[in-house]
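Q: What follows is a predicted structure for the sequence shown.
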Protein chains: 2
Amino acid sequence: MTRTIAVIGCGLIGRAWTIVFARAGCDLQLWDPIPEVRAALPDLLAETCRISGDDPGALSRFRVLDTLEEALAGAEWVQENGPEQIAVKRDLYARMDRVAAPETILASSSSALVASSFAGDLAGRGRILVAHPVNPPHVVPVVELCPSPDTRPEIMDRAEALMRDVAQVPVRMTREIDGFVLNRLQAVVLAEALSLIEQGIVTPQGLDDTICHGLGRRWTLMGPMATINLNAPGGVADYLERYGPTMARLADGAARGEAFTPGAARILAEAMPGPEQVPSLSRSRDRRLAALSRYLKQSQNKDH
Amino acid sequence: MTRTIAVIGCGLIGRAWTIVFARAGCDLQLWDPIPEVRAALPDLLAETCRISGDDPGALSRFRVLDTLEEALAGAEWVQENGPEQIAVKRDLYARMDRVAAPETILASSSSALVASSFAGDLAGRGRILVAHPVNPPHVVPVVELCPSPDTRPEIMDRAEALMRDVAQVPVRMTREIDGFVLNRLQAVVLAEALSLIEQGIVTPQGLDDTICHGLGRRWTLMGPMATINLNAPGGVADYLERYGPTMARLADGAARGEAFTPGAARILAEAMPGPEQVPSLSRSRDRRLAALSRYLKQSQNKDH
């Protein structure tokens, strides 16, 4: 049976989600509050497909609709990608909760707001969750599924199954926490990185090389837990016994929020390619991520 | 001119280094204090090559020597891979500093000890540094070059040039710091990861998926600084203005050394493949890392 998915808010993230669902053969109903965005969607989606090497034929199944109500009609899943402003999200979810059929799941791409902050008062709060992707989701498959205290377990089950069906990698959290998992991990890396750079111990390029040609490479094939499981002859328990005290000492001495200084920002802004290069570098990133994603899928199939 | 490289200590790391230098056409002089290790080296090196898909022909240029003195004779660079014990390293460096020609660079693979801790008192302390690889260096190219306060700048210049010549990616640090760069970054990730897992917010598998199918994928193609430079329309300064306060708050709330608990170790040991699987999983990791390394080199050549 063909699934009907509504994508609400069609900026970069919404368009990337559209490709995820279209690839998987879903019928798509798209809506954005800005008429100009709606009008430009077919061309923008074709362009996104072109960069990622996706077949534009997959996009024949989408319809751009004039109202939120039409977009939600008959949808099994709503992927919302509105601005990260609490007032906007509250209004939008109140409206969507009134309009959507009772069995429709409402999922937010929010990275900064937890579901309870915008859904806690709604009658349908049990079918609302955060499904936080990494930018852009059509070339980076992870999706954090974070419930509010009110999200029903069977909604989480359905969310997890649906995300697997559309070939994403769901990470199911058991409860709400600020920053979810991914941005909590990113935050500690950024804090320590900014501190090392501002102290002049390493250049921004050196810092990036350390991850890109070092840690990041291992972490693409297996996460940090699987990595340390192979870094001592007796596995992870052996690793933590041997190196845990050293790692604990390093973590205790690491930088925190105070590392986000204007000085660090200045050093980085001078060292990195300027804002005028952001669009072309982003296209190149997406093209390379798409190719890497195909490579990893292929090499995984060979391994199993 | 063919370079002569001495590899001192021929466990896993020493053998991986041997392949790095052999691939680049260097002449290799290998020595390990244990006679059985020396005797087994030709077979073990051939096996390492087989797993990584390297041409075993590259290994025709190595000689296993019976004494440290013979191994160091005429070497331009000594890569030392002894045990991470301060007394052992001090003895070894005192001996190597007496034996090696004045222009020979002595570089330690140490991940835990800084060069001043074992070289500070030696006449030749100016030519001693740490060249810390990621395990295993023949399939992960980054090498942290960390001077002691006594290491001469021209030695750092030569170290950087040599590492580039043998196709590694050197990251030059300006001064000594506990954990260098890579393990400081790894430590904060591990601390927060263990904490989230022990709190039951996410499973070990979910944590690994978040990095492996999310952050790690972006970080394989560009480091964390290049990543945030593309995550706001105005580049890195814009990113830090928009998201810096949120990231700072998350870093302030993150776990530190206290997260390395026996409880977390127990959960992980139960969730991960057991110690008996470590050897075969390590071989599979090295094979996949070697393939990924070839893929990334190829795709980078295509991009430029």
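A: Perfect, thanks for sending it. Residues are numbered from 1 along each chain as shown, chains lettered A, B, ... in the order given.
Q: Please count neighbours and contacts with C-alpha atoms only from this point.
A: OK.
Q: does any part of the helix or strand hosting residue A:278 sit near chain B?
A: Element membership of residue A:278, judged by DSSP states H and E, is helix A:278-303. Yes - residues of helix A:278-303 contacting chain B under CA under 8 Å from any CA of the partner chain: A:278, A:279, A:281, A:282, A:285, A:288, A:289.
Q: Kindly confirm my reading that residue A:78 is in a helix.
A: No - according to DSSP: H, G, I helix; E, B strand; the rest coil, the state of residue A:78 is strand, so it is not within a helix.
Q: so it touches residue A:103, yeah?
A: No - counting by CA atoms under 8 Å, residue A:78 does not reach residue A:103; the two are 11.1 Å apart.
Q: Any figure for the gap between the closest residue to residue A:290 other than its chain neighbours and residue A:292?
A: Of all residues not flanking residue A:290 in the chain, residue A:139 sits nearest, at 4.9 Å (CA to CA, 6 or more residues apart in numbering or on different chains). Distance, residue A:139 to residue A:292, by CA to CA, to the nearest Å: 9 Å.
Q: The two: which is more packed in?
A: Neighbour count, other CA atoms under 10 Å in any protein chain shown: between residue A:139 and residue A:292, residue A:139 has more, with 28 against 23.
Q: circling back to that earlier point, okay, residue A:78 and residue A:103: which has more neighbours?
A: residue A:78 (24 against 13).
Q: so what's the more buried one up against?
A: Applying CA atoms under 8 Å, 6 or more residues apart in numbering or on different chains to residue A:78 gives the contacts A:5, A:6, A:7, A:8, A:72, A:104, A:105, A:106, A:107.
Q: Quickly run through the sheet partners of the helix or strand harbouring the first one, with directions.
A: For residue A:5, the enclosing helix or strand under DSSP H and E is strand A:4-8. For strand A:4-8, the paired strands and their directions (DSSP bridges) read strand A:27-31 (parallel), strand A:77-80 (parallel).
Q: Columns mean pLDDT and distance to residue A:143 on top of the ones you listed, output as CSV?
A: Listed next are the strands paired with strand A:4-8 as CSV, based on pLDDT from 0 to 100; distance: least, CA to CA, whole Å:
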stretch, mean pLDDT, distance to residue A:143
strand A:27-31, 97, 19
strand A:77-80, 98, 12
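Q: For the stretch 101-250 of chain A, which segments count as strands?
A: Here the stretch 101-250 of chain A has its strands, by DSSP state E, counting those that start in this stretch, at A:105-108, A:128-133, A:142-147, A:169-172.
Q: Which residues are in contact with the nearest residue to residue A:224 once chain neighbours are set aside?
A: Sequence neighbours aside, residue B:208 is the residue nearest to residue A:224 in space, at 6.0 Å (criterion: CA to CA, 6+ apart). Residues near residue B:208 by CA under 8 Å, 6+ apart: A:222, A:223, A:224, A:225, A:226.
Q: do you know how far residue A:54 is from chain B?
A: 18 Å (CA to the nearest CA, to the nearest Å).
Q: what's the neighbour count on that residue?
A: 17.
Q: can you check residue A:298 too?
A: 11.
Q: can you give me phi and psi for residue A:167?
A: phi 70, psi 20 (degrees, to the nearest 10).
Q: my guess is it meets residue A:141, correct?
A: Yes - look at residue A:167 against residue A:141 with CA under 8 Å: they come within range, at 7.4 Å.
Q: quick one, which of these two is more surrounded?
A: Using other CA under 10 Å as the criterion, residue A:167 and residue A:141 rank with residue A:141 on top: 25 against 16.
Q: which residue sits closest to the more buried one in space, ignoring its chain neighbours?
A: That would be residue A:168: by CA to CA, 6+ apart, it lies 4.6 Å from residue A:141.
Q: so what's that neighbour scoring on pLDDT?
A: Predicted confidence (pLDDT) at residue A:168: the value is 98.
Q: Next: residue A:304.
A: 52.
Q: that older thread, between the contacts of residue A:78, which is nearest residue A:177?
A: residue A:107 (16.5 Å; CA to CA).
Q: what about that closest one, distance to residue A:82?
A: In terms of CA to CA, residue A:107 sits 11 Å off from residue A:82.
Q: now swap in residue A:183 and tell me
A: On the measure of CA to CA, residue A:183 and residue A:82 end up 19 Å apart.
Q: again with residue A:91
A: 11 Å.
Q: So for the two, which sits in the more crowded spot?
A: residue A:82 (20 against 13).
Q: Just the pLDDT at the residue nearest to residue A:290, thanks.
A: 95.
Q: wouldn't it be in contact with residue A:289 here?
A: Yes - contact criterion CA under 8 Å: residue A:139 and residue A:289 qualify, at 5.7 Å.
Q: who touches residue A:109 in this structure?
A: A:79, A:80, A:81, A:82, A:130, A:131, A:132, A:133.
Q: for these, which one is nearest residue B:68?
A: Nearest member of these to residue B:68, counting by CA to CA, is residue A:133, at 54.3 Å.
Q: In contact with the closest one, which residues?
A: Counting by CA under 8 Å, 6+ apart, the residues that residue A:133 touches are A:109, A:141, A:142, A:143, A:144.
Q: same thing but at 6 Å, please
A: residue A:143 (CA atoms under 6 Å, 6 or more residues apart in numbering or on different chains).
Q: how much space between it and residue B:48?
A: Relative to residue B:48, and taking CA to CA, residue A:133 is found at 38 Å.
Q: Next: residue A:126.
A: 54 Å.
Q: Report how many residues lie close to the closest residue to residue A:207 other than its chain neighbours.
A: Nearest residue to residue A:207, sequence neighbours excluded (CA to CA, 6+ apart): residue A:193, at 6.9 Å. Taking other CA under 10 Å as the neighbour definition, residue A:193 ends up with a count of 28.
Q: just residue A:75 next, same as before
A: Counted with other CA under 10 Å, residue A:75 comes out at 22.
Q: Next, it: secondary structure please.
A: coil.
Q: Next: residue A:63.
A: strand.
Q: and the gap between it and residue A:29?
A: 5 Å.
Q: can you check residue A:41 too?
A: 12 Å.
Q: who's more crowded, those two?
A: Each of residue A:41 and residue A:29 has its neighbours counted (other CA under 10 Å); residue A:29 has more, 24 against 19.
Q: Which stretches in chain A count as helices?
A: A:12-23, A:35-52, A:68-72, A:86-99, A:115-119, A:153-165, A:182-198, A:204-210, A:216-221, A:224-229, A:235-252, A:262-271, A:278-303 (DSSP state H).
Q: so which of those helices comes closest to residue B:240?
A: helix A:262-271 (6.8 Å).
Q: Show me which residues of stretch A:78-92 are buried.
A: For stretch A:78-92, a neighbour-count test (16 or more other CA atoms under 10 Å in any protein chain shown) marks A:78, A:79, A:80, A:81, A:82, A:89, A:90, A:92 as buried.
Q: so the fifth one touches residue A:11, yeah?
A: It refers to residue A:82. No - look at residue A:82 against residue A:11 with CA atoms under 6 Å: they stay out of range, at 8.5 Å.
Q: Now for residue A:150: which residues touch it?
A: Per CA under 6 Å, 6+ apart, neighbours of residue A:150: residue A:126.
Q: Around chain B, which positions in the stretch 101-250 of chain A sit nearby?
A: Residues of the stretch 101-250 of chain A found near chain B (CA under 6 Å from any CA of the partner chain) are A:140-142, A:171, A:173-174, A:184-185, A:187-189, A:201-202, A:206, A:208, A:211-214, A:216-217, A:219-220, A:222-223, A:230, A:234-237, A:247-248, A:250.
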